[in-house]
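Asks: with the input below, show me the fold.
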Amino acid sequence: MKSTAKQPVQLRKALSIAICVLLVLSIAANVIQYSQSWALQQQLKVIQESAAASSPSSNSSPAVSKILTLPPVTSGDHMLGSAQASVQIVEYGDFECPYCKAFHPILHQLVTDYAGKVSWVFREFPLSIHANAYREAVAAECVGNIGGDDAFWKYADALYAQTTSGGIGFPLTGLEPLAKQQGIDSQAFAQCLSSGQLTGRVDSQSADALAIGIRGTPGTAIVRRDGSYVLLAGSMSYAQVKSIIDTQLQ
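Replies: Numbers count the residues shown, from 1 in each chain. The predicted structure follows:
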């Protein structure tokens with residue numbers, strides 16, 4: 001009889017323990033769900049802050065362009081082809097970008113095939129993921145500053161031809177010898193590169209690229225004489241760009 005009397009008590013204890021376990025599990029599940037939700041909110045916050053930081057705003061530093069349209073081509077740009085061309089190809093490129101490397105000869109061919117009708121402008125947009133790209137961009141600008149546009153284009157062609165791309169495809173120690181090969185005085189080049197006098201130009205062009213919505217390289221605008229343009233993302237085939245140029249020439 002005693003053991004029979006104890007059974008309801010033991011059953012109640014077992015039920016109480018089971019209920020407590022369920023409550024603990026429920027609380028733990030809610031805590032985990034809240035933690036995951038909080039972590040997601042923090043991730044979204046970081047993404048939103050990063051996007052805001054890369055967009056132009058009234059509180060941007062003076063180095064960041066406030067424009068929302070493509071800056072017009074000027075005599076200060078590196079241009080290949082006629083300044084009177086009906087269509088201008090404005091490329092924002094990175095010397096360590098493999099897609100830019102592949103796109104480079106295509107643009108050369110287009111300027112040749114559309115002689116007098118199409119010109120090509122190169123602007124700097126070295127990506128932070130490519131370790132050597134920024135220094136290479138400044139080096140190219142130094143060559144252009146010392147030797148003019150012809151020297152700039154020869155240097156740019158040589159950089160793309162020799163780099164294996166990806167960030168460190170061309171050694172920084174090779175920048176000065178490469179400039180010398182293009183007829184640039186080594187001392188003048190070294191002084192320009194070390195002084196940082198043209199970093200502002202690289203920074204400004206990069207900021208302009210971001211301001212018009214370019215987030216990768218190559219970022220290219222096909223511009224008509226009236227200033228309207230089509231923005232292309234990434235490398236494209238000769239036929240694809242040709243089709244767009246033909247439309248813009250109409």
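
Asks: quick one: the strands in the protein, in order.
Replies: Applying DSSP state E to the chain gives strands spanning 78-80, 87-93, 118-124, 219-224, 229-233.

Asks: and the angle from the second one to strand 229-233?
Replies: Angle between the axes of strand 87-93 and strand 229-233 is 30 degrees (criterion: axes from the mean of the first three to the mean of the last three CA atoms, to 10 degrees).

Asks: just to revisit the earlier point, now for the strands of the chain, which one comes closest to Val202?
Replies: Proximity to Val202 (CB to CB) singles out strand 118-124 among the strands of the chain, at 4.6 Å. Where C-beta positions appear, they are placed from N, C-alpha and C, glycine not excepted.

Asks: thinking again about what came up before, how about the strands of the chain in JSON lines, adding mean neighbour count and distance to Gln109?
Replies: Formatted as JSON lines, those follow (neighbours: other CB atoms under 10 Å; distance: least, CB to CB, whole Å):
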{"stretch": "strand 78-80", "mean neighbour count": "20", "distance to Gln109": "12"}
{"stretch": "strand 87-93", "mean neighbour count": "24", "distance to Gln109": "12"}
{"stretch": "strand 118-124", "mean neighbour count": "23", "distance to Gln109": "11"}
{"stretch": "strand 219-224", "mean neighbour count": "22", "distance to Gln109": "15"}
{"stretch": "strand 229-233", "mean neighbour count": "16", "distance to Gln109": "16"}
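
Asks: out of the ones you listed, which gets the lowest mean score?
Replies: Ranked by mean pLDDT, the strands of the chain end with strand 229-233 at the bottom, a mean of 91.

Asks: just checking, what packs against it?
Replies: Applying 3 or more CB pairs under 8 Å, 6 or more residues apart in numbering; DSSP states H and E, one finds that strand 229-233 contacts strand 219-224, helix 238-249.

Asks: hmm, try it at 10 Å
Replies: strand 87-93, strand 219-224, helix 238-249 (3 or more CB pairs under 10 Å, 6 or more residues apart in numbering; DSSP states H and E).

Asks: now Ile245: closest residue in space that isn't a chain neighbour?
Replies: Closest residue in space to Ile245, ignoring its immediate chain neighbours: Val87 at 5.6 Å, by CB to CB, 6 or more residues apart in numbering.

Asks: check Ser206 too.
Replies: Leaving aside its chain neighbours, Ser206 sits nearest to Phe125 (5.1 Å; criterion: CB to CB, 6+ apart).

Asks: who's in contact with the residue nearest the centre of the chain?
Replies: Centroid check for the chain by CA atoms, centre = their mean gives Gly216 as the closest residue, at 3.4 Å. Applying CB atoms under 10 Å, 6 or more residues apart in numbering to Gly216 gives the contacts Tyr92, Asp94, Cys97, Tyr99, Cys100, Phe125, Leu127, Ile129, Ala209, Ala233, Gly234.

Asks: I'd say the third one and Asn132 touch.
Replies: Right, the one you point to is Cys97. No. Counting by CB atoms under 10 Å, Cys97 does not reach Asn132; the two are 11.4 Å apart.

Asks: which residues are contacting stretch 188-199?
Replies: Outside of stretch 188-199, the residues within contact range by CB under 10 Å, 6+ apart are 63, 124, 134-135, 137-147, 155, 172, 175-180, 182, 184-185, 202.

Asks: again, only using 7 Å
Replies: Here stretch 188-199 makes contact (CB atoms under 7 Å, 6 or more residues apart in numbering) with Val138, Ala139, Glu141, Cys142, Val143, Asn145, Ile146, Glu176, Ala179.
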